[in-house]
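Participant: fold the stuff below for me.
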Amino acid sequence: MTSVTARTEREVTRGRTRRSLVRRETWISAVVLLLPAVVLLLLLRIIPTVTAMAEAVPLGGERSPWSNFAYIFSDPSFLNSVWVTLLFSVIVNPIQIALALALAVLLTKHIPAVGLWRTFILLPIAVPQAVSAIIWLVMLRPDGPLNGLASAIGLPTVPWLTEPGWALISIVIVCSWVGVGYWMTFLVTGIKEIPSSLYEASALDGANGWRQFWSITLPGLRRPLLFVLVADTVSNFLVFAPVRILTQGGPQGGTDLLMHNISERAYTLGDTQAASAATLVLVAIVIVVVTIQFRMLPGKED
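Facilitator: Numbers count the residues shown, from 1 in each chain. Coordinates of the predicted model:
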């Protein structure tokens, strides 16, 4: 009886040791797999954020901790960049989402050469945004192909990059050139997840395509639309390369988006403290706007 008890205790001990080794190996594997991501997160996100906060809110000196914020909010160029960024977002976000939704609905229908059309629409995604901006820079020049075509057919030329209003529209066009196809892919996936039986049943009840869109497609896309809305908003608040390449923030500050303004302060003027303060203001604006979007368009089903 004693030997049986001892053998049982040894088996229990071996089982515990084995489970302990398995847990240890699992933890080691998890650490090895997660370590590169954690290091990159630390180097590219956490440390820069802490540094920006330390520079934006200096502590322990003679200056007020909020002096950098007081400075930028008294600077007309910064206030102009905030206004231009908000105006740009109000214009570009609805355009991109509406076009992406329209194309997603169209390309999930049985139309000829649908695969070819998808390829054409998705092609700009494969081109870096800076390269797209250079291509559009050539096209939008006063003596570029677009104005040349307009003159050839008797239409007036457009000051795409030399007039503030048209310059902002040019940035909208370049960003939408890439963004529409990218966001369309998420909406196409969302539409394909809607059961086809709903469309078949509604068709039997006499619902036309427009009615199906409002009653089936749009409610079924609530969550994908919320994701696209939030991601598109954040992306457009961080636009930099098209502005830098096409207009350098001009003319007359008409395209001086916040990211470009921050870059100018940090790398051209060398005022890293003001740039850090402006960065925190940009982050705060994005958080406020995204929070409002979540409130207006909840992602959960009623």
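Participant: now Glu163: how far from Ser202?
Facilitator: 48 Å (Cβ to Cβ, to the nearest Å). All C-beta atoms are positioned from the backbone trio N, CA, C, and that covers glycine.
Participant: check Gly209 too.
Facilitator: Distance from Gly209 to Ser202, by Cβ to Cβ: 10 Å.
Participant: quick one: which of these two has more around it?
Facilitator: Ser202 (15 against 11; other Cβ atoms under 10 Å).
Participant: and the more buried one, what element?
Facilitator: Per DSSP states H and E, Ser202 falls inside helix 196-204.
Participant: cool, and Arg18?
Facilitator: Assigned by DSSP H and E, Arg18 falls in helix 2-41.
Participant: can you name the element that comes right after that helix?
Facilitator: Of the helices and strands lying after helix 2-41 in sequence (DSSP H and E), the nearest is helix 47-56.
Participant: so for that next one, what gets flagged as buried?
Facilitator: Residues of helix 47-56 classed as buried by neighbour count (16 or more other Cβ atoms under 10 Å): 52, 55-56.
Participant: list the contacts of it.
Facilitator: 68-69, 272-273, 276-277, 279-280 (Cβ atoms under 8 Å, 6 or more residues apart in numbering).
Participant: who's in contact with Met184?
Facilitator: 99-101, 103-104, 107, 121-122.
Participant: in space, what's closest to it - neighbours in sequence excluded?
Facilitator: Nearest residue to Met184, sequence neighbours excluded (Cβ to Cβ, 6 or more residues apart in numbering): Ala100, at 4.2 Å.
Participant: what's near enough to touch the one you found?
Facilitator: 179-181, 183-184, 187, 228.
Participant: at 6 Å what do you get?
Facilitator: 180, 183-184, 187 (Cβ atoms under 6 Å, 6 or more residues apart in numbering).
Participant: how about Val289?
Facilitator: Residues in contact with Val289 (Cβ under 6 Å, 6+ apart) are Thr233.
Participant: distance of it from Gln212?
Facilitator: Between Val289 and Gln212 the distance, using Cβ to Cβ, works out to 32 Å.
Participant: please apply the same query to Leu168.
Facilitator: Distance, Leu168 to Gln212, by Cβ to Cβ: 36 Å.
Participant: which of these two has more residues huddled nearby?
Facilitator: Set Leu168 next to Gln212 and count neighbours by other Cβ under 10 Å: Leu168 wins out with 20 against 16.
Participant: okay, and that one sits in which element?
Facilitator: Going by DSSP H and E, Leu168 is in helix 164-192.
Participant: so for that helix, what gets flagged as buried?
Facilitator: Those buried within helix 164-192 under the rule 16+ other Cβ under 10 Å are 164, 167-188, 190-191.
Participant: likewise for stretch 237-244?
Facilitator: 237, 239, 241-244.
Participant: repeat that for stretch 137-152.
Facilitator: 137, 139-141, 144, 146-147.
Participant: among those residues, which one lies nearest to Ser20?
Facilitator: For the buried residues of stretch 137-152, the residue nearest Ser20 by Cβ to Cβ is Leu137; the value is 62.8 Å.
Participant: from Trp177, how far off is the residue nearest to that closest one when sequence neighbours are not counted?
Facilitator: Nearest residue to Leu137, sequence neighbours excluded (Cβ to Cβ, 6+ apart): Leu246, at 5.4 Å. Going from Leu246 to Trp177 by Cβ to Cβ gives 12 Å.
Participant: same check on Trp27?
Facilitator: Remark: distance between Trp27 and Trp177 (Cβ to Cβ) = 47 Å.
Participant: and Ala104, by the same measure?
Facilitator: 17 Å.
Participant: likewise for Gln273?
Facilitator: Taking Cβ to Cβ, one finds Gln273 at 36 Å from Trp177.
Participant: just for the stretch 51-200 of the chain, where's the confidence low?
Facilitator: For the stretch 51-200 of the chain, applying pLDDT under 70 flags the ranges 59-63.
Participant: can you give me the helices in it?
Facilitator: 67-73, 76-107, 114-122, 129-140, 145-152, 164-192, 196-204 (DSSP state H, counting those that start in this stretch).
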